[in-house]
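# model this:
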Amino acid sequence: MKDPIIIANCGGFWGDDPTAARRQVEGGPIDYLVMDYLAEVTMAILQKQRLKNPEAGFATDFLTQLRDVLPTCVAGGIKVISNAGGVNPLACRAAVEALAQELGISDKVKVGVVLGDDIFSDLNELTQNGEPFLHMETDRPLQDVRSEVLSANVYLGADPVVQALKMGANVVISGRVTDTAVTLAPMIHEFGWSSTDWDRLASGIVAGHIIECGTQCTGGNFTDWQKVPSFKNMGYPLIKASPDGTFVVSKHPQTGGMVTVHTITEQLLYEMGSPIYIAPDCTARFDSIQLSQKGPDEVQVTGIRGGPPPEKLKVSLSFNQGYRAFGRLMISGPDVLEKSKTVAKAFWESVGGEESYEHAVTQQVGWDSCHPSLTQVEPGELLLQVAVRDSDKNKINNLFAPQLVPKVLSTVPGITYLGDQGRPRASGVVGYWPALISRTGVQIRVVAGDETVLLPNLTPPFEPGKPFSSQSDLPPVPTSGKRVKVPLSRLCLARSGDKGDTCNIGVIARSKEVHTWITENLTAEFVKARFAGVCQGKVERFEVPNLMSLNFLLHQSLGGGGTLSLLLDAQGKTYAQYLLASEVEVDEALAATVGLSA
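Sure, this is the predicted structure:
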């Protein structure tokens, strides 16, 4: 047993930095290299590719990165784990084996493949056997969109990846395992954790959540971006894990970015809902995590508690949901806002009006496209964006699209079109359908070499539990009798992310006293009012006292989410910054706890 083991992440999404794998392998000692490629929309894209070509359907960028590092990994005993298999893991295996042959190391590469997550071809049989696949948010039956379904993949846990490692694989390829599973699996394999060792399994889940988005935990997308020493040669994260479940997050020396308690806390809150984090392997208690700065660019993570996993597994289905198109015109000042309103009015009148389409949006990029404007000063120029979504492709292409560019000559002065865009064109919209499936309905297989192993998928007991922490130990808010107005960003940090049509905003207090203040004053009603006109649903608030944080869920705030949305910021990436720009009035003594003075 290795103690500790070092797990290096080299990518947070399909399209991340292609040099990251090489830099992680060459930057210092590691034992495992893990890569995450998949998102809900990605699965639909890969399914379309496979329908056109039986040899396609996996993340081809994986081969590009592997070409750079595979010989070094084989020579150094570094194992590679990735969900790059997409909807065609066997084709991905064949491509990796061909690459190993080309590099002259085929006798030293054993590829393990995880199968069973793709249930697309089994949907009818599963439905007949009693699986309803009800939409998790609306309770609609899948039958409503059955003829349009493009992909269906179950979120698997770490067990099959562990099995592949047991079978001697040094390259493990999966389809839709969870983002955290590729990090948890090496820990289980190396340390021999049991399937009911909930606390240690939860530690692996937390470690995976921290590094799954690459540089988002090493200074990327960080509120205090001015404090990051350099964004050049950004360091990707490393996990140094111990058998007891504790671990240290770091990065290679002489790389850009930074690793601090705040960078890690922001990532922990990213795309989080309740602090009771549910995964296929276990329930991880985010309200139990303890962080401490161990040294420069080293954060120690301890205290994590866990519990049994849920009875059922989550299924991500995608389906055709009509078409959408975007049109953009650049408009310059003076009077840019009035000009843009005039152009938009003329455009919509020429295409039958916004009400003629199932959904239509007008946005002024540079003024109010991501969120309401932060200034009263009119910009010198802006990009007018008009967008529609409709089930009628011909309506978009023949009515909406041809009327955009003519407005350059027929409306206001100081207007032009974008050279790389011109006339809009309808493109297919992929809808997202989250559902649940019984574990017994999923048949998991692991293939390594000539050996195939079937894994049982038994239903475990599930107890969601209650939050650990209480507010009784919160320090009082200091008072001086003097009031001061400050932007919320001076008191807190924040990060936002998306889950479908829901945006989460995690808010982190900069001091213990500020934590008390936000717990008492930063309410769901405050956030709802701040996002008036943006958040169409309710706002939920969760307390995470151990991280001095609050987490807000803004339902119906992303225009449908994913490829369905017509919003410029369909993933809520900018929402945290908008919340932090809120001006709040606090006691001067509270402001002083974070270094602010009158």
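
# I'd like the next helix or strand past the longest strand anywhere in the chain.
Counting residues, the longest strand found in the chain (DSSP state E) is strand 312-332. Scanning forward in sequence from strand 312-332 by DSSP states H and E, the next helix or strand is helix 336-350.

# which strands and helices sit next to that next one?
Taking 3 or more C-beta pairs under 8 Å, 6 or more residues apart in numbering; DSSP states H and E as contact, the helices and strands that helix 336-350 lies on are strand 312-332, strand 359-365, strand 381-390, helix 407-410. All C-beta atoms are positioned from the backbone trio N, CA, C, and that covers glycine.

# Redo the ones you listed as TSV? Include mean pLDDT, distance to residue 239 and mean neighbour count.
Output for the helices and strands packed on helix 336-350, formatted as TSV (pLDDT from 0 to 100; distance: least, C-beta to C-beta, whole Å; neighbours: other C-beta atoms under 10 Å):
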stretch	mean pLDDT	distance to residue 239	mean neighbour count
strand 312-332	94	24	21
strand 359-365	95	39	19
strand 381-390	96	41	22
helix 407-410	94	53	14
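
# Out of those, which is closest to residue 510?
Residue 510 sits nearest to strand 359-365 of all the helices and strands packed on helix 336-350, at 31.7 Å, using C-beta to C-beta.

# how much distance is there from that closest one to the middle of the chain?
Once both centres are worked out by C-alpha atoms, centre = their mean, to the nearest Å, strand 359-365 turns out to sit 25 Å from its chain's centre.

# Between strand 312-332 and it, find me the angle.
50 degrees (axes from the mean of the first three to the mean of the last three C-alpha atoms, to 10 degrees).

# how far off helix 336-350 does strand 359-365 point, in degrees?
Going by the same axes, to 10 degrees, strand 359-365 is angled at 160 degrees with respect to helix 336-350.

# Go ahead and name everything in contact with strand 359-365.
By C-beta atoms under 8 Å, 6 or more residues apart in numbering, the residues outside strand 359-365 that reach it are 328, 337, 340, 344, 348, 354, 369, 382-390, 559, 566-568.

# let's see it at 7 Å
Among residues not part of strand 359-365, those counted as contacts by C-beta atoms under 7 Å, 6 or more residues apart in numbering are 340, 344, 354, 369, 382-389, 566-568.

# Partner strands of that strand, with direction?
strand 381-390 (antiparallel) (DSSP bridges).

# Which stretches in the stretch 101-250 of the chain count as strands?
With strands called from DSSP state E, counting those that start in this stretch, the stretch 101-250 of the chain shows them at 111-115, 149-154, 171-173, 237-241, 247-251.

# Show me the domain layout of this protein.
As recorded under automatic domain parsing, the domains making up the chain are 5-117+155-307, 321-428, 483-592.

# Quick one: closest of the ones you listed to residue 138.
Smallest distance to residue 138 across the domains of the chain (C-beta to C-beta): 10.5 Å, for domain 483-592.

# tell me how far the ends of the closest one are from each other?
Domain 483-592 has an end-to-end distance of 12 Å (criterion: C-alpha to C-alpha, to the nearest Å).

# same deal with stretch 273-290?
Using C-alpha to C-alpha, one end of stretch 273-290 lies 19 Å from the other.

# Residues touching that stretch, excluding its own?
If you take C-beta under 7 Å, 6+ apart as the criterion, stretch 273-290 is touched by 155-158, 178, 180, 184, 198, 201-202, 205-206, 268, 272, 301-310, 313, 464-465, 467-469, 504, 542, 544, 546-547, 553.

# For ChimeraX, write a command that selects the buried ones of those residues.
ChimeraX command restricting the contacts of stretch 273-290 to the buried ones, with burial defined by 16 or more other C-beta atoms under 10 Å:
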select :155,156,157,158,178,180,184,198,201,202,205,206,268,272,301,302,303,304,305,306,307,308,309,310,313,467,504,542,544,546,547,553
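
# Out of the contacts of strand 359-365, which two sit at the greatest distance?
Farthest-apart pair in these is 382 and 389; separation 22.7 Å (C-beta to C-beta).

# remind me which residues of this structure are low pLDDT?
Under the criterion pLDDT under 70, the flagged ranges of the chain are 458-472, 597-598.

# among the helices and strands packed on helix 336-350, which is nearest residue 41?
Nearest of the helices and strands packed on helix 336-350 to residue 41, taken as C-beta to C-beta: strand 312-332 at 7.1 Å.

# same for that closest one, what does it pack against?
The contact analysis (3 or more C-beta pairs under 7 Å, 6 or more residues apart in numbering; DSSP states H and E) places strand 312-332 against helix 40-52, strand 149-154, helix 336-350, strand 381-390, strand 415-417, strand 427-438.

# That one: partners in the sheet, and parallel or antiparallel?
Counting by DSSP bridges, strand 312-332 is paired with strand 149-154 (antiparallel), strand 381-390 (antiparallel), strand 415-417 (antiparallel), strand 427-438 (antiparallel).

# Can you tell me what sits against the second one?
Around strand 381-390, the neighbours that count as contacts under C-beta under 7 Å, 6+ apart are 322-333, 336, 340, 343-344, 347, 357-367, 369, 396, 400, 429, 566, 568.

# ok, back up a step: tell me which of the domains of the chain is the most buried.
Ranked by mean neighbour count under mean count of other C-beta atoms under 10 Å, the domains of the chain are led by domain 5-117+155-307, which reaches a mean of 21.
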